[in-house]
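J.: build me a model:
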Amino acid sequence: MAYRLLKREQDRRLKLAVLDANREEAQDASYQVELATWEWTLADGMEPS
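T.: From the prediction side, this is the model:
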């Protein structure tokens, strides 16, 4: 039982850390430019289904 509680708490903290990192990146203008470039590259040549 204690193991499951510990595991859940670790998972919760990891999710919060990832969310915080994503929020930080979302506010970074240079990251947004890079992301837009990659989104364009990923879609290049793909046919809609």
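J.: phi and psi next, for residue 18.
T.: The phi/psi pair for residue 18 (degrees, to the nearest 10) reads phi -70, psi -40.
J.: check residue 25 too.
T.: Main-chain dihedrals, residue 25, degrees, to the nearest 10: phi -60, psi -40.
J.: please name the nearest non-neighbouring residue to it.
T.: Closest residue to residue 25 apart from its sequence neighbours, by CB to CB, 6 or more residues apart in numbering: residue 31 at 4.8 Å. Just so you know, the C-beta spots here come from the backbone N, C-alpha and C atoms, and that holds for glycine as well.
J.: that neighbour - how many residues pack around it?
T.: A count of neighbours around residue 31, defined by other CB atoms under 10 Å, yields 12.
J.: host element of it?
T.: Mapping residue 31 onto the secondary structure by DSSP states H and E places it in helix 29-43.
J.: need the residues that contact that helix.
T.: Among residues not part of helix 29-43, those counted as contacts by CB atoms under 8 Å, 6 or more residues apart in numbering are 25-26.
J.: nearest residue to the middle of this protein?
T.: The residue lying closest to the centre of the chain (CA atoms, centre = their mean) is residue 22, at 5.3 Å.
J.: got a list of contacts for the helix or strand harbouring that residue?
T.: Secondary-structure element containing residue 22, defined by DSSP H and E: helix 2-26. Contacts of helix 2-26 from elsewhere in the structure, counted by CB under 8 Å, 6+ apart, are 31-32.
J.: quick one: distance of that helix to the chain centre.
T.: Relative to the chain's own centre, helix 2-26 is displaced by 12 Å; criterion: CA atoms, centre = their mean, to the nearest Å.
J.: do the same with stretch 20-29
T.: Its chain's average C-alpha position is 9 Å from that of stretch 20-29, according to CA atoms, centre = their mean.
J.: quick one: buried residues of it?
T.: When burial is assessed from 16 or more other CB atoms under 10 Å, stretch 20-29 yields no buried residues.
J.: between helix 2-26 and the helix holding residue 31, find me the angle.
T.: Inter-element angle recorded for helix 29-43 and helix 2-26: 100 degrees (by axes from the mean of the first three to the mean of the last three CA atoms, to 10 degrees).
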